[in-house]
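Peer 1: with the sequence up front, the predicted model follows.
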Amino acid sequence: MPDFETLENIAIQIKENRLKLHEIEDSLSSVNVQLHEIPLKRTTESTFAKMIGVGYDDKMSELERAKAQLEITKTDLKSSIAKDIATFISGFSSPDLIIPLENVPQIIDGKTVYKYRDNSKFKNLFEILCEMLGLSSPLVIKDVMLSPTEIIIAVKDEFEAKQKFINSLHEIQNTLLIKKK
């Protein structure tokens with residue numbers, strides 16, 4: 001059964017892999033520049049090395065191996081990110097999703113406020129979710145504000161708040177399912 005804690009961990013993994021992918025792409029770009037420059041400089045460098053009596057260190061094969069390894073790593077990371085995103089979407093849009101809210105809400109300024117159990121925070125989950133939905137955090141869907149620390153519903157009647165929350169969550173889930181396709 002998917003839950004917010006699991007989704008938070010998947011979101012962290014997505015973010016970490018994206019950072020690694022960015023670093024790999026930077027390294028790959030650097031290697032490509034060097035591979036492009038070597039043929040342009042090879043004649044001069046090898047002639048100069050010969051003239052001063054030292055061996056010429058042709059790094060072409062070493063750079064080609066590095067490039068091949070970086071490309072494999074890049075492909076693996078992209079695949080892992082895509083898999084994690086699919087898992088995240090499937091988990092969040094599951095009808096069995098468990099959201100660890102406190103049982104009893106607080107009524108503050110005429111609004112129903114649900115805190116997450118154990119004062120949990122789901123910063124990464126909401127960053128990835130907002131990105132997928134093309135919205136900013138906190139998410140506001142029809143009188144329901146979902147944030148990494150709490151859920152605030154713009155009504156004070158607890159039953160009506162639960163209905164609005166369920167409807168908003170279903171709307172988010174349906175949007176994610178559409179994006180998945």
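Peer 2: Here it is on my side, so go on. Numbers count the residues shown, from 1 in each chain.

Peer 1: mind giving me the domain ranges of this structure?
Peer 2: If you go by automatic domain parsing, the domain ranges for the chain are 4-92, 106-180.

Peer 1: and L35, what is it in contact with?
Peer 2: Going by C-beta atoms under 8 Å, 6 or more residues apart in numbering, L35 touches M60, L63, E64, K67. No exception for glycine: its C-beta is placed from N, CA and C like everyone else's.

Peer 1: if you set the cut-off to 10 Å instead, what comes out?
Peer 2: K59, M60, L63, E64, A66, K67 (C-beta atoms under 10 Å, 6 or more residues apart in numbering).

Peer 1: what does V140 give?
Peer 2: Counting by C-beta under 10 Å, 6+ apart, V140 has contacts L146, S147, I152, A154, S168.

Peer 1: quick check: the gap between it and L177.
Peer 2: 20 Å (C-beta to C-beta, to the nearest Å).

Peer 1: quick one on the thing from earlier: with distance to I98 and mean pLDDT added, can I get the domains of the chain in TSV?
Peer 2: Formatted as TSV, the domains of the chain follow (distance: least, C-beta to C-beta, whole Å; pLDDT from 0 to 100):
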stretch	distance to I98	mean pLDDT
domain 4-92	7	89
domain 106-180	10	94
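
Peer 1: with distance to P100 as added columns, please give these in a markdown table.
Peer 2: Compiled in a markdown table, the domains of the chain are given as follows (distance: least, C-beta to C-beta, whole Å):
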| stretch | distance to P100 |
| --- | --- |
| domain 4-92 | 6 |
| domain 106-180 | 4 |
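
Peer 1: which one of those lies closest to I99?
Peer 2: domain 4-92 (5.7 Å; C-beta to C-beta).

Peer 1: which element is encountered next along the chain beyond the longest helix belonging to the chain?
Peer 2: If you go by DSSP state H, the chain has its longest helix at helix 4-52. Later in the chain than helix 4-52, the nearest helix or strand by DSSP states H and E is helix 60-92.
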